[in-house]
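Novice: requesting a structural model of the entry that follows:
(one chain, ligands or ions: 1)
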Amino acid sequence: MSAPPSSAPRWMLYGASGYTGRLIAEEALRRGHRPVLAGRSREKLTPLAEQLGLEVAVVGLEDVRGLVATLEGLPLVLHAAGPFVRTSEPMVQACLAAGAHYLDITGEIPVFENTFHHDAEARARGITLMSGVGFDVVPTDCLARYVAERVPGAHELDLAIAATGQASAGTARSALEQLPSGGRVRRGGALQPWPMGKGLRRVRFSDAERTVAPIPWGDLVTAWHTTGIPNITTYMALPRGAAQALRLTYPLLKRMLAVDAVRHTAERLIESRVQGPDAVARSQNRSHLWAEARAADGRRAQAWLDLPEGYAFTAVAAVRAVEEVLAQKPLGAQTPARAFGADFVLSIPGCQRQEVLP
Ligand SMILES: NC(=O)c1ccc[n+]([C@@H]2O[C@H](COP(=O)([O-])OP(=O)(O)OC[C@H]3O[C@@H](n4cnc5c(N)ncnc54)[C@H](OP(=O)(O)O)[C@@H]3O)[C@@H](O)[C@H]2O)c1
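Specialist: This next block holds a predicted model:
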């Protein structure tokens, strides 16, 4: 890959040496950006920076002053180091202090809530805070806005995701971190607990009908901010047996994960065994989404979205979000679809939306 021109956009990509960070760095370069590759490990960042011809910045998240100093002259951070429940807040603080826009690729509910908690400070500072510029939540947020705009006054929103392929170690670690929080839905505008594995149903995706189970996605926060719909359920396609097993085994699993030794063993297993999809899987697998908005008087709208594999999508969506934030500078805590509109997802190659299925 050849080095981009010196006029190319310069911003900080933190966590650049991780599985997803590397994909984002490569995509940014392909699109003519010149991100500074940042993280806590010089040893891991240097080979990537040399390969891509980009600058390195080494700074730990515990050093907020160091982060602020590193951000001098940079307009934006794309944060790709998770689990974000552990990493987001110090970077948000550094961005508020430095006056730099903050974007991340989290899917974790407490992180979305924390980002919105800083809305007033971000507005006062003249910056954007935008969590979830990856697979979770760009496509679902855009589809939620699309169906909500077709049913003014809708009171219910369902979103369902069918994603194939493996997770990365970082995603598995983030999921492990969130597992003890259990299932959730949004009812009457508030997040409420929901028993894991309860509420199985069938959903027709564009390619096939599948069993889905309520699984708490970041959209329980973001779709609420994007659409104002007070009752939201997010579903994920699972083999029927897996969904039923989840219901039976979840209470035991939760108790086991409360034991430090068990959690550490699970983390070590993830570290040694989970690698993320390879280039072939990223280029061949497809993901499928469905959304439906309903009003009390019976009006309803549904839509489908087909898109590339999750990590391939995340790399492009995150860089596209950087481009839009640098161009539009939306103020305060934002969701992708609230800031950029329902069609933002269609600017990402390989995404097709349908309103009616044959
Ligand atoms: N929303 C989405 O659709 C989406 C898509 C992809 C990924 N993600 C999320 O993105 C995160 C990263 O995923 P990944 O696949 O890239 O994982 P990964 O390969 O394990 O990489 C994690 C990166 O984060 C860094 N990191 C972790 N904790 C840190 C800390 N306390 N301080 C500084 N750096 C830290 C790691 O640095 P070291 O190597 O130095 O440990 C590494 O660079 C996960 O939370 C994942 O769930 C979300």
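
Novice: using the three-state scheme, assign the residue located most distally from the centre of the chain.
Specialist: If you look at how far each residue of the chain sits from its centre, by Cα atoms, centre = their mean, the farthest one is residue 297, at 33.1 Å. Here residue 297 takes the coil state, with states given by DSSP: H, G, I helix; E, B strand; the rest coil.

Novice: look up how far the ligand lies from it.
Specialist: Using Cβ to the nearest ligand atom, to the nearest Å, we find residue 297 at a distance of 35 Å from the ligand. The C-beta positions use only the backbone N, C-alpha and C, and glycine is treated the same way.

Novice: do residue 239 as well
Specialist: From residue 239 across to the ligand, the span is 21 Å (Cβ to the nearest ligand atom).

Novice: go on, residue 102?
Specialist: From residue 102 over to the ligand the distance is 15 Å, taken as Cβ to the nearest ligand atom.

Novice: residues touching that residue, list them.
Specialist: Residues in contact with residue 102, defined by Cβ atoms under 8 Å, 6 or more residues apart in numbering, are 76, 77, 79, 91, 92, 95, 115, 122, 127, 128, 129, 130.

Novice: try 6 Å this time
Specialist: By Cβ atoms under 6 Å, 6 or more residues apart in numbering, the contact set of residue 102 is 77, 92, 95, 129.

Novice: same check on residue 211?
Specialist: By Cβ under 6 Å, 6+ apart, residue 211 lies in contact with 200, 202, 240.

Novice: most neighbours, which of those?
Specialist: Most neighbours among those, by other Cβ atoms under 10 Å: residue 200, with 16 neighbours.

Novice: for that residue, what are phi and psi?
Specialist: Backbone geometry at residue 200, expressed as degrees, to the nearest 10, gives phi -60, psi 150.

Novice: now the closest residue to residue 271 other than its chain neighbours: how far from the ligand?
Specialist: Leaving aside its chain neighbours, residue 271 sits nearest to residue 169 (6.1 Å; criterion: Cβ to Cβ, 6 or more residues apart in numbering). Separation of residue 169 from the ligand (Cβ to the nearest ligand atom) stands at 4 Å.

Novice: what residues does the stretch 251-358 of the chain put near the ligand?
Specialist: Among all residues of the stretch 251-358 of the chain, those adjacent to the ligand (criterion: Cβ under 6 Å from any ligand atom) are 276, 310, 311, 314.

Novice: the chain - how does it break down into domains?
Specialist: 12-132+312-340, 138-310+347-354 (automatic domain parsing).

Novice: just name the most buried of those domains.
Specialist: For the domains of the chain, the stretch with the most neighbours on average is domain 12-132+312-340, a mean of 21; neighbours defined as mean count of other Cβ atoms under 10 Å.

Novice: for the closest residue to residue 74 other than its chain neighbours, give the beta-bridge partners.
Specialist: Setting aside the residues directly before and after it, residue 74 is nearest to residue 12 in space (Cβ to Cβ, 6+ apart), at 5.2 Å. With beta bridges defined as DSSP bridges, residue 12 has these partners: residue 36, residue 77.

Novice: reformat the domains of the chain as a markdown table; add mean pLDDT.
Specialist: A markdown table is the format used below for the domains of the chain (pLDDT from 0 to 100):
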| stretch | mean pLDDT |
| --- | --- |
| domain 12-132+312-340 | 98 |
| domain 138-310+347-354 | 92 |
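
Novice: now the closest residue to residue 240 other than its chain neighbours, what's its secondary structure?
Specialist: Across the structure, with Cβ to Cβ, 6+ apart as the measure, the residue nearest residue 240 apart from its sequence neighbours is residue 211 (4.6 Å). Taking three-state DSSP as the rule, one finds residue 211 in the strand state.

Novice: so whichever residue of the stretch 201-350 of the chain sits closest to the ligand, which state does it fall into?
Specialist: Of the stretch 201-350 of the chain, the residue with the smallest distance to the ligand, taken as Cβ to the nearest ligand atom, is residue 314 at 4.1 Å. What three-state DSSP gives for residue 314 is helix.
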